[in-house]
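**Student:** Build the 3D model from these lines:
(3 chains)
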Amino acid sequence: MTQSDLLTDSQSEQFLADLNDPQRLAVLHGDGPLLILAGAGSGKTRVITFRIAHLLAHGVHPRQILAVTFTNKAAGEMKARVRELTGAAADSVWVSTFHSFAARFLRFEYQAAGLPQDFSIYDDGDSKGIIKRLIAEMNLPARTFPLGTVKGKISDAKDRMLSPAAFANLAHDDYMRRIAEVYRVYQERLKDAGAVDFDDLIVTTVRTLEDDEAVRARWQQRFTHVLVDEYQDTNLAQVRLIKHLAEPESNLCVVGDDDQSIYAWRGADIRNILEFEKSYPNATVIRLEQNYRSRPNILEAAHAVVSANINRHPKKLWTAKPPGEQITCILTTDDWSEAEMVLSRIRLLCERESLTGADCVILYRTNAQSRVFEEACRRHATPYVLVGGTKFYQRGEIKDALAYMQLTINGRDVAAWRRIINKPLRGIGDASQKKLEEARRADSRPFAEFLADTEAVTAVAGKRVALPTKRFAKLIDDLKEARETMNLADWCRHLVTTVNLKSAWEGDDPNTVATRMENLDELAAAMAEYEMTHETPSLSGFLEQAALVTDIDMYDVQTDAITLMTLHAAKGLEFPVVFICGLEEGLFPLSRSMEKPEALEEERRLFYVGATRAKERLFLTYARTRQRFGPMASMKSRFIDEIPPEFLDVDNLIPSADLEPGGLGYDAPARNWRSSEVRPASRSARSVSRTGSEAGAGQREREMQRSMMAQTIQAGAVVFHPKFGEGEVVSVRGAGDSTTCEIAFRGGFSKTLMVRFAPLKILRQ
DNA sequence: GCATAGATCTTTTTT
DNA sequence: AGATCTATGC
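**Tutor:** The predicted structure follows:
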């Protein structure tokens, strides 16, 4: 590292001048624990990145800094921003998510952790497959032991660092004792399979650090400074991981906001942030309360809702910005017109206020709500980007191919084996599978080796399956061998043909089959890209990445497309215009949460997170009825009523003869609200102005979006494909690298292609 | 062992 | 309403 990689003092001073007082204190804070309570939009990322730059400028070696986030996207952004400040030094700073940090740790320390080097990482589906089989094996009634609940309890136990034994000790009724038993055997099965689930990544890392002094010393020495983002979302296991890594100096800087804690259902414990000072009595606490993102009206509304919570540290953000528009609340009769209204509002904003679709985001509580908006966008040929939904690596055909790959490096991976042993059909049915699986476990050899042992197989499952199992074993061995002679992408293609995956979907709709085959092509392309972008590409590295990557990670603001995503996915993002939709009792807040006060408070925080994404304008929508297991009607969300009326501009599109359903006992003064008909049209035409430094930032963002547009495709574009000819883009789905678009080709057929890999030429936008 | 039709459950959010 | 699971018959 050269001196020029580092900030010089004068540069660093210049940066500091842009910060407000508490921000500067946080950046300059010396040694010891530091808690930054950073409200929404208070420049939190800036503070973290400046702090890292500051540490680097003051002689901390980049490799000694660990910064942990929850999503790969956040990690990537942090790294990019540190790089802007410090140059190449940033590349040596270890910035990663909790899970990918743990995965990397365990690849180094697999021996101490008691894992095979090429351990598999099980996703939710893999884990559920194992647990499901266990529930059946243990004769537990599926009705009283629903898979999701059992998995959830086990996951909770892991989040709290409870071993199966400890969990069993705490179980004081038969029900919990049985779940404890499932947990115990589940762990045995994982161990046998050489696999860890998502929770285990963290738990095993913590256990290894706690049990092995040499390993602990090595890693504690390695990191002298640890920073954690979104600290309010950590669970006990994660807090312990961080604590160990930061010791003994405990130069630990955590940043978070208790009002933005929205992952309690996943084991996040808000007490971690509320009681940080108890764990670290010498901690410095800094509050960032100036908001640089939103108009005061938006902050007021968000604050009004979240401050209805009892269990909360009282605080209030402020902003120097001028008031801006009122918050628009749109009341519609049903979900269909809700979507129509949202789109027409967006159209209006784009026409009159020099905004583009990319400035707008539609947020909703549940993924299922996205459908109506997607349909509306298609109807109006409005480009949109859907974040979430079916993920590329979760598709059946992709998981199948990955399972074959996984089995070549981890021969005991039972989830992979189960997935592919009879796909394509080999005449090895369920009954034989169970017998073979059990016998193999007792035998402890890898699947391929065991299955090639004709005698052993015959003894367990009869003569009939011995031949197909032997062939299967040979197939796996051949694949393993082939891997040595070719690169990952070629090997992937080789695998698809050798295995003859296509024959597994004989009789299926030919279009579906074609799409699946295209997806497999895309998998090969993804592997090629992985090989190009990594210095030491490995199969297990690729599989690890495939297991830990999510949709939001790949999301990038681009083109003129409107963004559609859940409120949860929106955390950490900001948009000039935000629509929060489906503000109905039972949907948002969700009915399940309405029984438990803590859960209801989390819904309020979720509203707070959603609202504070907005820079300029916030819209809230309510649909009186919507399709949810058949049509259902609901009352306005209490969140709307928790906002003082002076901040709201209500656009009531429900005919006055149509009263709200169940108006009894619910204070919803719809009659007091002005109807849209009498509203002067000029109001919507008022321009959204940008002020101060925000304007500059917005401008730059816009430019970046524009430059990216060149390489992206919008609905309505006319494109050319060498194989399929000319066609028109009907819709664009997915995010970032996994963006797909549906194209209606002139030949009268349409295809869904992955933008990144399809050799498309854009003829006209 | 496998395909099909009917039954059942799902929709909270995700690393 | 749609996907996924289960029971049944071949």
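**Student:** so A:H225 makes contact with A:H61?
**Tutor:** No: in this structure A:H225 lies outside contact range of A:H61 using CB atoms under 8 Å: 9.8 Å. The C-beta positions use only the backbone N, C-alpha and C, and glycine is treated the same way.
**Student:** and those two? which has more neighbours close in?
**Tutor:** Taking other CB atoms under 10 Å, A:H225 and A:H61 do not tie; A:H225 has more neighbours (21 against 14).
**Student:** ok, now how distant is that one from DNA strand B?
**Tutor:** 22 Å (CB to the nearest atom of the strand, to the nearest Å).
**Student:** swap in A:I135?
**Tutor:** 13 Å.
**Student:** Could you report the pLDDT at that residue?
**Tutor:** Looking at A:I135, its pLDDT is 84.
**Student:** What residue, apart from its backbone neighbours, is nearest it spatially?
**Tutor:** A:F145 (5.5 Å; CB to CB, 6 or more residues apart in numbering).
**Student:** for the stretch 151-300 of chain A, what spans make up the strands?
**Tutor:** For the stretch 151-300 of chain A, applying DSSP state E, counting those that start in this stretch gives strands covering A:195-197, A:225-228, A:252-256, A:284-288.
**Student:** before we move on, back to that, and the residue nearest to A:I135, helix, strand or coil?
**Tutor:** coil (DSSP: H, G, I helix; E, B strand; the rest coil).
**Student:** burial count for it?
**Tutor:** Residues near A:F145, counting by other CB under 10 Å: 18.
**Student:** what's the answer for the one 4 residues further on, then?
**Tutor:** Under the neighbour criterion other CB under 10 Å, A:T149 is assigned a count of 11.
**Student:** a strand runs through it, doesn't it?
**Tutor:** No: under three-state DSSP, A:T149 sits outside any strand and is assigned helix.
**Student:** In chain A, what helix or strand scores lowest on average pLDDT?
**Tutor:** Ranking every helix and strand in chain A by mean pLDDT, DSSP states H and E puts helix A:682-685 at the bottom, with a mean of 24.
**Student:** can you give me the strands in the stretch 451-600 of chain A?
**Tutor:** Remark: strands assigned in the stretch 451-600 of chain A by DSSP E, counting those that start in this stretch are A:562-566, A:575-580.
**Student:** per-stretch mean pLDDT over those, give me the minimum one.
**Tutor:** Among the strands of the stretch 451-600 of chain A, strand A:562-566 carries the lowest mean pLDDT (a mean of 90).
**Student:** Now do that one: which elements does it pack against?
**Tutor:** strand A:360-364, helix A:370-379, strand A:384-386 (3 or more CB pairs under 8 Å, 6 or more residues apart in numbering; DSSP states H and E).
**Student:** repeat that for 6 Å
**Tutor:** Contacts defined by 3 or more CB pairs under 6 Å, 6 or more residues apart in numbering; DSSP states H and E place strand A:562-566 against strand A:360-364, strand A:384-386.
**Student:** Any stretches of chain A with poor pLDDT?
**Tutor:** Across chain A, the ranges flagged by pLDDT under 70 are A:1-14, A:389-390, A:551-559, A:629-631, A:656-717, A:719-765.
**Student:** Could you check which residue of the stretch 251-400 of chain A lies nearest DNA strand C?
**Tutor:** A:G396 (8.1 Å; CB to the nearest atom of the strand).
**Student:** Now render the helices and strands packed on strand A:562-566 as TSV, adding distance to DNA strand B.
**Tutor:** As requested, the helices and strands packed on strand A:562-566 are exported to TSV (distance: least, CB to the nearest atom of the strand, whole Å):
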stretch	distance to DNA strand B
strand A:360-364	9
strand A:384-386	11
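**Student:** Give me the three-state assignment for the closest residue to DNA strand C within the stretch 51-200 of chain A.
**Tutor:** Closest residue of the stretch 51-200 of chain A to DNA strand C, CB to the nearest atom of the strand: A:A142 (5.8 Å). Secondary structure, three-state DSSP: A:A142 is coil.
**Student:** Could you say which helix or strand holds the closest residue to it other than its chain neighbours?
**Tutor:** Spatial nearest neighbour of A:A142, excluding adjacent residues (CB to CB, 6+ apart): A:I135 at 6.5 Å. Taking DSSP states H and E as the criterion, A:I135 maps to helix A:124-137.
**Student:** okay, the strands of the stretch 451-600 of chain A, which one's buried deepest?
**Tutor:** Comparing the strands of the stretch 451-600 of chain A by mean neighbour count (mean count of other CB atoms under 10 Å), strand A:575-580 ranks first with a mean of 26.
**Student:** Go through chain A and flag its longest helix.
**Tutor:** helix A:510-533 (DSSP state H).
**Student:** where does that one sit relative to the chain's centre, distance-wise?
**Tutor:** 22 Å (CA atoms, centre = their mean, to the nearest Å).
**Student:** now swap in stretch A:453-471 and tell me
**Tutor:** 43 Å.
**Student:** near DNA strand B, which residues of the stretch 351-500 of chain A show up?
**Tutor:** By the rule CB under 7 Å from any atom of the strand, the part of the stretch 351-500 of chain A lying against DNA strand B is A:365-368, A:388, A:422, A:425-432, A:461, A:465.
**Student:** burial count for the residue nearest to A:A142?
**Tutor:** Neighbours of A:I135 under the rule other CB under 10 Å: 20.
**Student:** and if you look at A:Y186?
**Tutor:** Using other CB under 10 Å, A:Y186 is surrounded by 21 other residues.
**Student:** That one: what's it in contact with?
**Tutor:** A:Y186 makes contact with A:I131 under the criterion CB atoms under 6 Å, 6 or more residues apart in numbering.
**Student:** any idea how far DNA strand B is from it?
**Tutor:** If you go by CB to the nearest atom of the strand, the gap between A:Y186 and DNA strand B works out to 15 Å.
**Student:** can you tell me how far that residue sits from A:E601?
**Tutor:** According to CB to CB, to the nearest Å, A:Y186 and A:E601 sit 32 Å apart.
**Student:** which one's the longest strand in chain A?
**Tutor:** Taking DSSP state E as the criterion, chain A has its longest strand at strand A:614-627.
**Student:** That one versus strand A:360-364: what angle between them?
**Tutor:** Interaxial angle, strand A:614-627 versus strand A:360-364 (axes from the mean of the first three to the mean of the last three CA atoms, to 10 degrees): 40 degrees.
**Student:** So A:Y608 belongs to a helix, correct?
**Tutor:** Yes: membership of A:Y608 in a helix is supported by three-state DSSP.
**Student:** That one touches A:E300, doesn't it?
**Tutor:** No: using CB atoms under 6 Å, A:Y608 is not in contact with A:E300, being 11.9 Å away.
**Student:** How about the longest strand of chain A, which residues are buried there?
**Tutor:** Residues of strand A:614-627 classed as buried: A:614-626 (neighbour count, 16 or more other CB atoms under 10 Å).
**Student:** which residues touch that strand?
**Tutor:** A:293-294, A:298, A:325, A:327-335, A:338, A:574, A:576-581, A:583-584, A:611, A:631, A:633, A:636, A:654, A:688.
**Student:** and if you look at stretch A:133-142?
**Tutor:** By CB under 6 Å, 6+ apart, the surrounding residues in contact with stretch A:133-142 are A:145, A:182, A:185.
**Student:** returning to what we had before: which among the residues of the stretch 351-500 of chain A next to DNA strand B are in contact with DNA strand C?
**Tutor:** Within those, nothing lies near DNA strand C by CB under 7 Å from any atom of the strand.
**Student:** Could you turn the buried ones of the residues you listed into a ChimeraX selection?
**Tutor:** Per 16+ other CB under 10 Å, the buried members of those correspond to this ChimeraX selection:
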select /A:365,367,388,422,426,428,432,461,465
